[in-house]
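Enquirer: Predicted model and sequence follow; I will ask about them next.
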Amino acid sequence: MVGAILVTGGAGYIGSHVVLTLLEAGYPVVVLDDLSTGRRAAVPKAARFVKGDVGDRALLSQILGQHAVTNVMHFAGAIVVPESVVDPLKYYLQNTGKSRNLIQACIEAAVSGFIFSSTAAVYGQGDGAPVSETAPAQPASPYGTSKLMTEWMLRDVARAHGLNTAVLRYFNVAGADPKGRSGQSTPGATHLIKVACETACGRRPSMKIFGTDYDTPDGTCIRDYIHVTDLADAHLACLQALENQGGQFLFNCGYGHGYSVKQVLEAVERVSGRKLKTRQAERRPGDVARIVADVSAIRRQLAWRPRCNDLDLIVKTALAWERKLVAESEQVVEEA
Ligand SMILES: NC(=O)c1ccc[n+]([C@@H]2O[C@H](COP(=O)([O-])OP(=O)(O)OC[C@H]3O[C@@H](n4cnc5c(N)ncnc54)[C@H](O)[C@@H]3O)[C@@H](O)[C@H]2O)c1
Ligand SMILES: O=c1ccn([C@@H]2O[C@H](COP(=O)(O)OP(=O)(O)O[C@H]3O[C@H](CO)[C@@H](O)[C@H](O)[C@H]3O)[C@@H](O)[C@H]2O)c(=O)[nH]1
């Protein structure tokens with residue numbers, strides 16, 4: 001039997017895109033997801049699906065053994081920065097405690113490789129220059145700290161048990177599958193491009209710009225937005241590198257240039273042809289003014305070349321997905 005890849009959180013936004021990429025590359029895939037924010041429909045039929053909690057060690061042992069899992073990609077977790085500020089213990093349980101259980105089950109089952117979804121939020125406030133993996137980690141939110149603690153656990157476990165690991169620090173992931181098979185579907189999502197697309201589609205009457213007094217050229221926060229399909233390709237390249245050479249990798253995943261909130265909203269207006277109704281609001285807790293990736297390490301060490309490095313393309317695919325969601329929800333209302 002060919003060993004499978006276990007994708008935790010594979011019914012979610014990023015995980016579902018990675019599942020599509022893995023299946024296209026010929027890997028057998030098992031998804032473990034509790035559907036807390038993910039959707040069963042986001043998991044392609046060609047993947048096996050198990051509904052359950054990523055902290056459930058008995059279930060994990062069963063899945064890892066039954067499917068002869070060789071590598072794990074760990075996406076499952078809680079992801080909302082401001083929520084982590086008001087409810088930090090949720091984040092230390094979901095992102096740190098449950099990851100510990102998963103890592104332990106992997107060691108017991110002699111899994112070969114582990115790829116972990118980390119985040120630019122581990123860096124905190126930089127000095128404005130593109131941030132490299134060697135920059136000090138100083139998370140500005142419990143979300144970032146909860147992810148950093150898991151990075152450290154993996155580092156120590158890799159040393160002690162010889163697990164091959166890759167930690168991918170994603171910057172701001174956006175856009176949708178260009179073939180329209182998946183996209184960001186979470187109700188009440190807080191991500192800027194998702195919220196702006198919902199506003200452009202009339203699903204929200206207006207939206208807020210959190211903070212216009214930052215020390216940036218137009219006063220709004222700057223982020224490095226990466227298309228979810230390029231991020232999925234980075235996971236595949238990483239998996240292949242772990243399979244071929246093993247080792248420990250730590251990579252930023254972004255494009256190396258940033259856009260302000262206002263620039264993103266202009267792109268959404270340009271691509272949608274709609275004027276967005278926006279309101280200036282207070283700064284959001286846990287936000288940093290500017291964070292952009294130094295991506296020289298991933299470009300040097302992996303056979304990864306981005307294909308969608310274009311803000312308008314990111315917005316175009318996100319908008320196409322949002323319109324599809326709107327059409328589906330209208331159909332449900334008509335049928336009811
Ligand atoms: N979206 C971004 O911009 C971004 C940026 C940096 C890092 N990340 C990381 O990428 C990963 C995926 O994020 P996403 O945007 O796809 O989020 P998402 O909420 O769409 O996906 C998370 C998935 O994990 C599942 N899940 C959550 N807790 C679980 C549990 N205890 N057991 C089993 N399944 C569980 C959810 O149902 C969901 O399907 C997260 O670890 C997140 O921290 C995301
Ligand atoms: O309605 C909105 C939503 C967002 N923003 C601003 O847009 C920027 C980007 O916000 P968002 O899209 O929520 O992303 P981040 O807070 O930067 O965090 C995301 O990107 C991190 C990596 O940098 C990930 O770790 C997190 O999971 C993910 O939520 C920030 O300045 C927000 O204040 C608004 O002004 N209005």
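Expert: Nice, I can see it. Ligands and ions are numbered 1, 2, ... in the order given.
Enquirer: Please tell me how far stretch 214-229 is from the chain's geometric centre.
Expert: Chain-centre distance of stretch 214-229: 17 Å, with CA atoms, centre = their mean, to the nearest Å.
Enquirer: Report the rounded mean pLDDT for it.
Expert: Averaged over stretch 214-229, pLDDT sits at 97.
Enquirer: Buried residues, it. List them.
Expert: By neighbour count on 16 or more other CB atoms under 10 Å, the buried set for stretch 214-229 is 214, 216, 219-229. Every residue, glycine included, has its C-beta placed from N, CA and C.
Enquirer: Secondary structure added to these, as a markdown table?
Expert: Output for these, formatted as a markdown table (DSSP: H, G, I helix; E, B strand; the rest coil):
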| residue | secondary structure |
| --- | --- |
| Tyr214 | coil |
| Thr216 | coil |
| Gly219 | coil |
| Thr220 | coil |
| Cys221 | coil |
| Ile222 | strand |
| Arg223 | strand |
| Asp224 | coil |
| Tyr225 | strand |
| Ile226 | strand |
| His227 | strand |
| Val228 | helix |
| Thr229 | helix |
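Enquirer: any chance of those in JSON lines, plus distance to Val30?
Expert: Putting these into JSON lines (distance: CB to CB, whole Å) gives the following:
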{"residue": "Tyr214", "distance to Val30": "43"}
{"residue": "Thr216", "distance to Val30": "43"}
{"residue": "Gly219", "distance to Val30": "46"}
{"residue": "Thr220", "distance to Val30": "41"}
{"residue": "Cys221", "distance to Val30": "38"}
{"residue": "Ile222", "distance to Val30": "38"}
{"residue": "Arg223", "distance to Val30": "33"}
{"residue": "Asp224", "distance to Val30": "31"}
{"residue": "Tyr225", "distance to Val30": "30"}
{"residue": "Ile226", "distance to Val30": "26"}
{"residue": "His227", "distance to Val30": "26"}
{"residue": "Val228", "distance to Val30": "21"}
{"residue": "Thr229", "distance to Val30": "22"}
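Enquirer: Tell me which ones among those residues also neighbour ligand 2, please.
Expert: Among the buried residues of stretch 214-229, the residues within reach of ligand 2 (CB under 6 Å from any ligand atom) are 221, 223.
Enquirer: Out of the buried residues of stretch 214-229, flag the one nearest to ligand 2.
Expert: The nearest member of the buried residues of stretch 214-229 to ligand 2, counting by CB to the nearest ligand atom, is Cys221 at 3.0 Å.
Enquirer: Tell me if I'm right that that closest one and Gly286 touch.
Expert: No. Counting by CB atoms under 8 Å, Cys221 does not reach Gly286; the two are 11.3 Å apart.
Enquirer: which ones are touching Glu243?
Expert: Going by CB atoms under 8 Å, 6 or more residues apart in numbering, Glu243 touches 71, 112-113.
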